[in-house]
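J.: Fold the following for me, if possible:
(one chain, ligands or ions: 2)
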Amino acid sequence: MTNPPLIRMHGVTKCFDKVIANAGADFSLQQGEIHAIIGENGAGKSTLMKILYGLYQPNGGEIYFRDEHVRIDSPRTAITLGIGMVQQHFTLIPALTALENIVLAKEPCRFKTLLDTATAHRTITALANQLGFQLDLNAKVESLPIGVQQYVEILKALYHGAKILILDEPTAVLAPQEITGLFDCLRGLKAEGTSVILITHKLSEVMAIADTITVMHSGKSVASLPRAETDTAELSELMIGKRIFNDLPTQKRSDKPSEPMLHLDNVILHAENGRALLDGIALDVFPGEIVGIAGVEGNGQAELIEILTGLRKSDSGTITLNGESFANRSPAEVRRRRVVHLPSDRHRHGISLDDRVDENLILGSHNRSPFCQHGLLKRSASQKFADNAIEKYEIRAGGVSLPIRTLSGGNQQKVVVARELENDPELIIAAHPTRGLDINAGQFVHQQLIDARNRSKGILLVSADLEELLTLSDRIAVMYNGKIVGILQPSATDEAELGALMLGGSI
Ligand SMILES: Nc1ncnc2c1ncn2[C@@H]1O[C@H](COP(=O)(O)OP(=O)(O)OP(=O)(O)O)[C@@H](O)[C@H]1O
Ligand SMILES: [Mg+2]
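T.: Ligands and ions are numbered 1, 2, ... in the order given. Alright, predicted model coming up:
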């Protein structure tokens, strides 16, 4: 006989105006299990978990904690029940240190007023060691790589007493090695009786770690299955209905033009402390080519993108675009040269959260024809562009006039992708373009990149997903310690070799 569930959500509904995010969803969690929630973008996963964490109040349905009816009216109440959540978009305060963020709202006080930093530091260091996290607690959060920020979020939840840890797409921001580390940590937590709820789009992860899997579709839970009794084929069918994936056309171009579209030679960038962030980068992207960049986060990929998109200036080196100098251009000039950027951190660079969906869709082109004529904004043009993008990219939004923050994480990403790719780009700089997208949407974006390649555009694809790089790229450059340590043909390499190079090994 199975034990009564630790948590039971029954018939939960949640509406935002006319949008029904949860339509009578059920969910049961056993103590000490790792429970995955999967489903398409906009299926209602984050909303259901935000209700469990007290961030939203449901319009209907009940929640039971150890068979007792509870009302979780705020995260504070959730925390008293031992429920902690790491949200899809982190909620840390960038200007505070990791330690300050973790203890926020639960400062251990000496003499009632002073923060007893030493005690907090000791407790949290012990917790971090136990979980195998390596981080500098005194570093400002804004200076930490996103994978480490996630550790801070997890430590925060556990420090506040979470025995039920909800993680909303934690692996979307992690490199493969980091995912292994996170999963080891989750298994350790499970062994101690902590229950974990994990939202993810990657079925391989689900099969690797989950005990139970709940599939959501259109705001409802359509199945809840033990992992041992299902497989990826069944799960994909449950997630997307009867639709069948198309195989990507993987044919690559054989006729290589003689002149590169983008050419970098000996590009150098130093940090303020003198450390080389980019150490003599030489790289070409030819028209009609997808060049993949592999690397563990923090090895220069972000700086390379910043330099190419005008967010940062290089110290020296040559950069040309179609034969003309392209070094140290402003972001506006980069745009004029039709170089588009799909940023990895869309909340920082990709969108303006409080602005309308249609405004976000034309961000960057809003002051140009056809959206602006004689200094006047042409609503009808932006409306038409937005309607078209929403249909083509299957963006699920309650309406184009709503603020973009009301869209699900994956749908926000689709807005960025649509805006950039519909801009008739010459060169596409795509950083983790399918992060947070469901299987279908991810495949759609892959198809768009392949189509752009076949139209002789250039594509620089930075990704932590080696499978994505191996499938799409014509060549893969591996970055380590600010250098390109190898350029490989996907057909002549594999994940193991790339992984070794990424960690500083040699070919
Ligand atoms: N605050 C809000 N205001 C209006 N609509 C919302 C709000 N939050 C969510 N929605 C809508 O509810 C639906 C479900 O969103 P939710 O974020 O739960 O999806 P999800 O399954 O987490 O998707 P994803 O995989 O893209 O993160 C979406 O259509 C979304 O637009
Ligand atoms: Mg979500």
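
J.: Now do the closest residue in space to residue 428 that isn't next to it in sequence: how many residues are near it, please.
T.: Among residues not flanking residue 428 along the chain, residue 459 sits closest, at 4.7 Å (CB to CB, 6 or more residues apart in numbering). For every residue, glycine as well, the C-beta is placed using N, CA and C. Using other CB atoms under 10 Å, residue 459 has 25 other residues around it.

J.: who in the stretch 51-200 of the chain is up against ligand 1?
T.: Contact residues (CB under 6 Å from any ligand atom) of the stretch 51-200 of the chain with ligand 1: residue 88.

J.: Mind doing that once more with 8 Å?
T.: By CB under 8 Å from any ligand atom, the residues of the stretch 51-200 of the chain that approach ligand 1 are 56, 88, 168, 169, 199.

J.: And those residues, which is closest to ligand 1?
T.: If you rank these by distance to ligand 1 using CB to the nearest ligand atom, residue 88 comes first, at 5.8 Å.

J.: coming back round to it: by neighbour count, which of the residues of the stretch 51-200 of the chain next to ligand 1 wins?
T.: Highest neighbour count within these, by other CB under 10 Å: residue 199, with 25 neighbours.

J.: one step back: which of the residues of the stretch 51-200 of the chain next to ligand 1 fall within strands?
T.: Members of these lying in strands (criterion: DSSP state E): 168, 199.

J.: of the residues of the stretch 51-200 of the chain next to ligand 1, closest to ligand 2?
T.: residue 88 (4.9 Å; CB to the ion).

J.: Please name the nearest non-neighbouring residue to that closest one.
T.: Leaving aside its sequence neighbours, residue 88 sits nearest to residue 168 (CB to CB, 6+ apart; 4.1 Å).

J.: The one you found and residue 408, how far apart?
T.: Between residue 168 and residue 408 the distance is 11 Å, computed by CB to CB, to the nearest Å.

J.: now residue 275
T.: Residue 275 sits 39 Å away from residue 408, going by CB to CB.

J.: Between the two, which is the more surrounded one?
T.: Between residue 275 and residue 408, counted using other CB under 10 Å, the more crowded position is residue 408 (24 against 11).

J.: Tell me which residues touch the residue nearest to that one when sequence neighbours are not counted, please.
T.: Of all residues not flanking residue 408 in the chain, residue 42 sits nearest, at 4.5 Å (CB to CB, 6+ apart). By CB atoms under 8 Å, 6 or more residues apart in numbering, residue 42 lies in contact with 396, 407, 408, 410, 411.

J.: is it true that residue 15 lies in a strand?
T.: Yes: counting by DSSP: H, G, I helix; E, B strand; the rest coil, residue 15 falls inside a strand.

J.: The residue nearest to it when sequence neighbours are not counted: neighbour count?
T.: The shortest distance from residue 15 to any non-neighbouring residue, by CB to CB, 6+ apart, is to residue 59 (5.5 Å). Neighbourhood size, residue 59 [other CB under 10 Å]: 14.

J.: Okay, now the unreliable bits of the protein?
T.: Scanning the chain for pLDDT under 70 picks out 1-2, 105-115, 241-256, 345-349, 507.

J.: So residue 354, which state does it fall into?
T.: coil.

J.: count of neighbours near the closest residue to it other than its chain neighbours?
T.: Using CB to CB, 6+ apart and skipping residues adjacent in sequence, the residue nearest residue 354 is residue 403, 5.2 Å away. Counted by other CB under 10 Å, the residues lying close to residue 403 total 14.

J.: check contacts around residue 403.
T.: Taking CB under 8 Å, 6+ apart as the criterion, residue 403 is in contact with 353, 354, 355, 356, 357.

J.: Residue 279: which of those residues is nearest?
T.: For the contacts of residue 403, the minimum distance to residue 279 (CB to CB) is 35.7 Å, reached by residue 353.

J.: Correct me if wrong: that closest one contacts residue 405.
T.: Yes: using CB atoms under 8 Å, residue 353 is in contact with residue 405, at 4.4 Å.

J.: Residue 141 versus residue 94, what's the distance?
T.: Separation of residue 94 from residue 141 (CB to CB) stands at 5 Å.

J.: what's the answer for residue 65, then?
T.: 32 Å.

J.: cool, and residue 175?
T.: With distances taken as CB to CB, residue 175 is found 19 Å from residue 141.

J.: thinking again about what came up before, please enumerate the shared neighbours of residue 168 and residue 408.
T.: residue 46.

J.: Now the closest residue to ligand 1 within the stretch 251-400 of the chain: phi and psi?
T.: Nearest to ligand 1 in the stretch 251-400 of the chain, going by CB to the nearest ligand atom, is residue 396, at a distance of 4.7 Å. The phi/psi pair for residue 396 (degrees, to the nearest 10) reads phi -90, psi 110.

J.: Quick check, it in contact with residue 413.
T.: No: using CB under 8 Å, residue 396 makes no contact with residue 413, being 11.8 Å away.

J.: quick one: which of those two has more around it?
T.: residue 413 (28 against 17).

J.: who's in contact with residue 502?
T.: Counting by CB under 8 Å, 6+ apart, residue 502 touches 175, 177, 294, 295, 296, 299, 478, 479, 480.

J.: Please tabulate these in CSV, including the columns secondary structure.
T.: Output for the contacts of residue 502, formatted as CSV (three-state DSSP):
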residue, secondary structure
175, coil
177, helix
294, strand
295, coil
296, coil
299, coil
478, strand
479, strand
480, strand
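
J.: Dump those to a markdown table, plus neighbour count.
T.: As requested, these are exported to a markdown table (neighbours: other CB atoms under 10 Å):
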| residue | neighbour count |
| --- | --- |
| 175 | 23 |
| 177 | 15 |
| 294 | 30 |
| 295 | 26 |
| 296 | 21 |
| 299 | 24 |
| 478 | 27 |
| 479 | 26 |
| 480 | 19 |
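
J.: any chance of the residues you listed in CSV, plus distance to ligand 2?
T.: Shown next, in CSV, are these (distance: CB to the ion, whole Å):
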residue, distance to ligand 2
175, 21
177, 25
294, 27
295, 27
296, 26
299, 29
478, 31
479, 30
480, 33
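
J.: out of those, who's nearest residue 288?
T.: Nearest member of those to residue 288, counting by CB to CB, is residue 294, at 20.9 Å.
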